[in-house]
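S.K.: following is a predicted model, sequence given first.
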Amino acid sequence: MTKNPLQLPVSKVFEHNYQVPIYQRNYAWTEVEIIQLIEDIDSSIEKPGESYFLGNLIVNQFDNNAYEVIDGQQRLTTLYLLGKYLNLSIPPRALHFEAREKSNRTLEYIRDEKKSELVEELLTPEILNGYQIISNYFDTKKVNRETFIRKLKQVFIVRVQVPPNIDLNHYFEIMNTRGEQLELHEIAKSKLLEVLETDKERDIAALIWEKCSDMNSYVQMNFDKTIRDKTFTTDWSALKQSIKNFKTLEDTISIEKEILDTISLGDILNKNNLLQEDQNQEEEDENRRFESTITFPNFLLQVNAVISNLGEEDSTLDDKNFLKNLSWNWKSSDNAKNFLFHLLKLRVLFDKLILKREFARDYKETGRWSLQRLEKYTDQHGAKPKYVGTLGENGNDNQQLRTLQSSLRITYTSPKTMHWITIALSNLLINEKTNLIQILEEYSMKKVDESDYKFSSGFGFERIVFSYLDYLIYRDGYSYEGKNIVTPMQDNWQFQFRNSIEHYHPQNPIEGEEWDIENLDDFGNLALITVSGNSRFSNLPPSGKISSYPSIINQSMKLKIMEYMTKIDNGKWTEEKMKTHRDEMFRVLMNE
């Protein structure tokens, strides 16, 4: 009889067959989750005797050596794609999707070493993108495959089999609506509350924690209106100047909490029913409108890094050591109060000056980069929030800062590498009016210089070189031989999540001459685009890419210049044009 639960090394998980039932959602992991998984595995094992627990896999056995996946299919599918990329021996039916032929066809396509040509409509793009994200990561980061494969023998998944005859649909619903384990940030909260000295302090601390934990709305709107008016400035845009520490915050909030506690049920029913209904709708709309750059646990690590003055070389943003990193904050009551005060203060600054994704109006489905501050306005229904450009509605500063931050956001996708947020918040805490554009430009250029880009080639170029170059071209515009190619600060252009290095002249062209590897991998022949864009470009010649996929060309300012240079003279992309372009782009970077 199979042991339950069973600890399996990742390298042996697919010695068994797994089926993903139809009631499970489609594969949905993006670059952030996939890279986080790879980095967790890679950084967790440093010595031969070490081991690392990756998570649970909940299954139901329905046949000999065959299991139905109840929970954990996103991770399991990613491990399958990782195993195929690393050429591990995985049987053809090790992973199968029930009643999803496109998904199964995509797995078969990935298994096929010859990669027979299939139109994209016949494949599942999310699975295909996942595989390409893994491939690009290993190529770009130059991860040693053999070392990584050895680590997979020391990284474990615990497979738990549900009891026989269980209602699987009901069990699956429970698994997705109620967490099984106490989250680490909840443990951190209990540790902080433990060292506080009075019930009153704990009540205020719990309130601050609760309101700050919802990262997808502006924190002011998470508070009851009565507390909001007393805690924040008249226009709700900042904490009142009188609130300088936990004690002043405690005094302000506790007074209002006592007032709220004494309001009779009759008062609430008679006076506030309609207002509450409006407020509930308002809060529901808020939660759907914005999406934070980071999660609440990641924000806690950011707060800790800011108040601890920890440098970028420190691993304090790595959630692998979450409780250890935060532990000094519950060494004493004063430490805990200081952390909780800064939790709220930095959250206000974060909402105001760190970009979000906004899902509204024409971008309700796709989202758009947003850098806005919350302000109060009043109409016949009372006080409500409005959102205006943080650095002003008019002028280019807000647009420039938003684009600069988005260039960093799409470059450093893992929360543990988002040190630019720590640097921004640290400076804003000292002086909210600090020149954040200058600070983040200096940070970006430092990263470009450290990448040693002049001596790199191919996948050795770090993404910040492409991202910051595109930002500079966006900021200043670009002219070639007197012709204005890119207009400064184009309103409708925004960074997309890009992690795929594109060879403009393809590595294996379907027509035309082949270039030697040195010219192929030259910076002048490369651009950074989305994984799906790279897949569509495939081995088309530059002229074919331009005519067939103008929207992909538009993903990169650098590519727009390459497009123009292709069209002039003989209408071809040549090695001479490539070298001229390379020198021009290096000049743009060096001038900065």
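M.R.: Ah, there it is.

S.K.: walking through the stretch 251-400 of the chain, point out its helices one by one.
M.R.: In the stretch 251-400 of the chain, the helices defined using DSSP state H, counting those that start in this stretch lie at 265-271, 273-289, 296-308, 322-326, 333-353, 397-409.

S.K.: I'd say residue 372 and residue 387 touch.
M.R.: Yes. The pair residue 372 and residue 387 passes the contact test of CB atoms under 8 Å, sitting 4.1 Å apart. To be clear about C-beta, it is placed using only N, CA and C from the backbone, and glycine gets the same treatment.

S.K.: which of the helices of the stretch 251-400 of the chain has the lowest mean pLDDT?
M.R.: Among the helices of the stretch 251-400 of the chain, helix 265-271 has the lowest mean pLDDT, at a mean of 46.

S.K.: follow-up on the earlier one: of residue 372 and residue 387, which one has the most company?
M.R.: residue 372 (21 against 16; other CB atoms under 10 Å).

S.K.: OK, contacts around the more buried one?
M.R.: Neighbouring residues of residue 372 by CB atoms under 8 Å, 6 or more residues apart in numbering: 358, 387-390.

S.K.: please redo it, this time with the cut-off set to 10 Å
M.R.: By CB atoms under 10 Å, 6 or more residues apart in numbering, the residues touching residue 372 are 218, 290, 351-352, 355-356, 358, 386-391, 393, 398, 402.

S.K.: just residue 343 next, same as before
M.R.: 192, 205, 208-209, 211-213, 219, 246, 299-300, 303-304, 307, 329.

S.K.: now do stretch 328-336: everything it contacts.
M.R.: Residues contacting stretch 328-336 (CB under 10 Å, 6+ apart): 188-198, 201-202, 205, 245-246, 300, 303-304, 307-308, 323, 327, 337-340, 342-343.

S.K.: cool, stretch 46-54 as well?
M.R.: Contacts of stretch 46-54 (CB under 10 Å, 6+ apart): 7-10, 13, 37, 40-41, 43-45, 72, 75, 79, 150-158, 320.

S.K.: list the buried residues for that stretch?
M.R.: residue 54 (16 or more other CB atoms under 10 Å).

S.K.: could you do stretch 311-321 as well?
M.R.: For stretch 311-321, the neighbour count (16+ other CB under 10 Å) marks 316-319 as buried.

S.K.: what is the mean pLDDT for it?
M.R.: 78.

S.K.: check stretch 452-465 too.
M.R.: Rounded mean pLDDT across stretch 452-465 is 94.

S.K.: measure that stretch end to end?
M.R.: 10 Å (CA to CA, to the nearest Å).

S.K.: any idea how far it is from the middle of the chain?
M.R.: In this view, stretch 452-465 has its centroid 22 Å away from the chain centroid, taken as CA atoms, centre = their mean, to the nearest Å.

S.K.: which residues touch the closest residue to residue 187 other than its chain neighbours?
M.R.: Leaving aside its sequence neighbours, residue 187 sits nearest to residue 323 (CB to CB, 6 or more residues apart in numbering; 6.4 Å). If you count contacts by CB under 10 Å, 6+ apart, residue 323 has them with 184-185, 187-188, 191, 330.

S.K.: which of the contacts of residue 372 has the largest number of neighbours?
M.R.: Busiest of the contacts of residue 372 [other CB under 10 Å] is residue 356, holding 25 neighbours.

S.K.: for it, give its distance to residue 220.
M.R.: 14 Å (CB to CB, to the nearest Å).

S.K.: what's the answer for residue 542, then?
M.R.: 50 Å.

S.K.: I'd say residue 81 and residue 138 touch.
M.R.: No. Using CB atoms under 10 Å, residue 81 is not in contact with residue 138, being 11.8 Å away.

S.K.: of these two, who's got more company?
M.R.: Set side by side, residue 81 and residue 138 show more neighbours around residue 81, with 26 against 18, by other CB under 10 Å.

S.K.: sorry, back to before: just the buried ones from the contacts of stretch 328-336, in ChimeraX syntax?
M.R.: Selection of buried members from these for ChimeraX, criterion 16+ other CB under 10 Å:
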select :188,189,191,192,193,195,196,201,202,205,246,300,303,304,307,308,337,339,340,342,343
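
S.K.: mind picking the two most distant members of the buried residues of stretch 311-321?
M.R.: 316 and 319 (10.0 Å; CB to CB).

S.K.: got any residues that touch both of these two?
M.R.: Common contact partners of residue 316 and residue 319 (CB under 10 Å, 6+ apart): 301, 325, 416.

S.K.: so which of those comes closest to residue 553?
M.R.: Using CB to CB, these come closest to residue 553 at residue 416, 32.9 Å.

S.K.: any idea which of the buried residues of stretch 311-321 is closest to residue 563?
M.R.: Residue 563 lies nearest to residue 317 out of those, by CB to CB, at 37.9 Å.

S.K.: for the closest residue to that closest one other than its chain neighbours, phi and psi?
M.R.: Leaving aside its sequence neighbours, residue 317 sits nearest to residue 416 (CB to CB, 6+ apart; 4.4 Å). For residue 416, the backbone dihedrals (degrees, to the nearest 10) come out as phi -80, psi -10.

S.K.: for residue 416, grab the count of nearby residues.
M.R.: Residue 416, neighbours per other CB under 10 Å, totals 18.

S.K.: which ones are touching it?
M.R.: Residue 416 touches 36, 39-40, 43, 298, 301, 315-320, counting by CB under 10 Å, 6+ apart.

S.K.: then residue 212?
M.R.: 219, 222, 296, 299-300, 303, 340, 343-344, 346-348, 350.

S.K.: mind listing the strands for the stretch 51-200 of the chain?
M.R.: All strands of the stretch 51-200 of the chain, identified by DSSP state E, counting those that start in this stretch, fall at 52-63, 66-71, 95-97, 155-161.

S.K.: need the buried residues of stretch 311-321 in a markdown table with distance to residue 94, can you?
M.R.: A markdown table is the format used below for the buried residues of stretch 311-321 (distance: CB to CB, whole Å):
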| residue | distance to residue 94 |
| --- | --- |
| 316 | 39 |
| 317 | 35 |
| 318 | 31 |
| 319 | 30 |
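
S.K.: ok, those vs residue 124, which is closest?
M.R.: Distance to residue 124, by CB to CB, is smallest for residue 319 among the buried residues of stretch 311-321, at 29.6 Å.
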